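1. Need a 3D model of the following:
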Amino acid sequence: MKKIFLFLIIIIVCIFLYGHYIEVNNFKVHEYTIENKDIPESFKDLKIVHFSDVLYEPSYSKSLEKLIDNINKENADIIIFSGDLFKDGIKYSDEDYKFLSDNLKKIKASLYKYATLGDNDEKFLDKYKDILYDADFKLLNDESTLLFYKDETPINIVGVTNPDKIEELLVKDEEYNYSLVITHKPDNITYLSNYDVDTILSGHSLGGVVNVPYYGGIIKKDGSETYINGTYQVNNTTLYISNGLGYEKFNFRLFNTPSINVYRFK
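-> Okay, the predicted model is just below:
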C-alpha cells in the first residue's frame, strides 16, 4: 500500500513539474482550412494568423519575442488578435507599455492587422488603444470593416465586444456575402449564431488550462463555460478558439500547449 501511495505521489509531482516548467514553455501551431461557399473566389488561399491571450508579464518578455518570431515565420496576409494583451493584477510601467508597442509592431502582415477587446484590456483601455495604434493594429471594438482583396468583392470583418450590437454591424451598405467575426469570449456564439455570421474567431478560455484526452478543457471561465477549445458548429456559424499563449493566476498548463491558429481560405 505504501508503494502505491508513493508511486501516486511521484506521478502527481511529475505532472506538476511538467505542467509548470515544460508545457507552458512549449509552442504549437494549429492549422485549419476555412471552407465556405460565400468566400469570394479572389480570397482563395488567403492566410490568417490568429493569436490570443498574451496575458503579458514583464518577467516573461522573452516569451513574447519568441511568439512574434513564430508568427512572422507564417508569412500571414492577415493578423488577428482576439484580446487580453494585459493580465489582471499586474502593475505595468511606461517601459512595459513601450516594450509591448515596439514588439507588436514587429508582427508582419502583407495586408492588415486587426484586434478586438479582451476583458482584461478594458481596464487599460487608453493604453491598449495607444499600443495597438503604434503597432499598426486596427482595433475593432464593436466596429466592422470591409476587406477587399484582388477584386471588388469584399468580406466583412467585425470586432464584437457587445454581442447585442451585431445586427447593426452586419448591415449591408455594400455587397458582401461572408462575415468574419472576432470576439474575445467564445460563448458569444450562442447569440451571434442567430445572425448572418459565417465564422467566429475567439480566445479567452485558455483551452480549459488542463486538457483531458477525449474530454477537453476542464477549467471553465465566465464567457467560455460551454465552448472551451477547438472548433464548433452552431447553426450556420463555425467557431474557432485559440488556446492562447499566457496563463492567469498560476503558471501551469497540462496537455494544452500555448499556440496560435493559422487559417487558409478555400
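2. Spell out the residue ranges of the helices in this protein.
-> Applying DSSP state H to the chain gives helices spanning 2-17, 61-72, 94-104, 125-134, 166-169, 189-192.
3. wait, which of the ones you listed is closest to residue 150?
-> Nearest of the helices of the chain to residue 150, taken as Cβ to Cβ: helix 61-72 at 23.1 Å. (C-beta placed from N, C-alpha, C; glycine too.)
4. May I see the buried residues of the closest one?
-> 63-64, 67-68, 70-71 (16 or more other Cβ atoms under 10 Å).
5. So for it, mean pLDDT?
-> Taken as a whole, helix 61-72 has an average pLDDT of 89.
6. do stretch 254-263 as well
-> 90.
7. For that stretch, which residues meet the burial criterion?
-> Applying a neighbour-count criterion of 16+ other Cβ under 10 Å, the buried positions in stretch 254-263 are 254, 256-263.
8. Take those residues and write them to CSV, including distance to residue 163.
-> As requested, the buried residues of stretch 254-263 are exported to CSV (distance: Cβ to Cβ, whole Å):
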residue, distance to residue 163
254, 31
256, 26
257, 29
258, 27
259, 25
260, 25
261, 21
262, 26
263, 22
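9. So which of these is the closest to residue 247?
-> residue 258 (8.4 Å).
10. Name the nearest residue to the closest one, ignoring sequence neighbours.
-> If the residues on either side of it in the chain are set aside, residue 258 comes closest to residue 245, at 4.5 Å by Cβ to Cβ, 6 or more residues apart in numbering.
11. count of neighbours near that neighbour?
-> Neighbour count for residue 245, taken as other Cβ atoms under 10 Å: 26.
12. Show the contacting residues for it.
-> Listed by Cβ atoms under 8 Å, 6 or more residues apart in numbering, the contact set of residue 245 reads 51-55, 63, 67, 258-260.
13. The chain: strands as residue ranges?
-> Remark: strands assigned in the chain by DSSP state E are 28-34, 47-51, 78-81, 112-115, 138-139, 143-147, 155-160, 179-183, 199-202, 211-212, 216-217, 230-234, 237-241, 259-265.
14. Same list, those, but as TSV with distance to residue 249 please.
-> As requested, the strands of the chain are exported to TSV (distance: least, Cβ to Cβ, whole Å):
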stretch	distance to residue 249
strand 28-34	22
strand 47-51	21
strand 78-81	22
strand 112-115	24
strand 138-139	27
strand 143-147	32
strand 155-160	27
strand 179-183	23
strand 199-202	21
strand 211-212	18
strand 216-217	16
strand 230-234	23
strand 237-241	20
strand 259-265	20
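15. about what we covered before: who wins for proximity to residue 45 among the helices of the chain?
-> Of all the helices of the chain, helix 61-72 comes closest under Cβ to Cβ, at 18.5 Å.
16. what does that closest one rub up against?
-> Helix 61-72 is contacted from outside by 25, 27, 29, 49, 51, 54, 56, 79, 99-100, 103-104, 106-108, 245, 260, using Cβ under 8 Å, 6+ apart.
17. Can I get that helix in PDB? Just the C-alpha atoms.
-> Below are the C-alpha coordinates for helix 61-72, written out as PDB (Å, rounded to 0.1, in the frame of the first residue of the first chain):
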ATOM      1  CA  SER A  61       9.400  39.300 -22.100                       C
ATOM      2  CA  LYS A  62      11.400  36.700 -23.900                       C
ATOM      3  CA  SER A  63       8.300  34.600 -24.500                       C
ATOM      4  CA  LEU A  64       6.600  37.500 -26.400                       C
ATOM      5  CA  GLU A  65       9.700  37.900 -28.600                       C
ATOM      6  CA  LYS A  66       9.600  34.200 -29.300                       C
ATOM      7  CA  LEU A  67       5.900  34.400 -30.200                       C
ATOM      8  CA  ILE A  68       6.500  37.200 -32.600                       C
ATOM      9  CA  ASP A  69       9.300  35.200 -34.300                       C
ATOM     10  CA  ASN A  70       6.900  32.200 -34.700                       C
ATOM     11  CA  ILE A  71       4.100  34.400 -36.100                       C
ATOM     12  CA  ASN A  72       6.300  36.000 -38.700                       C
END
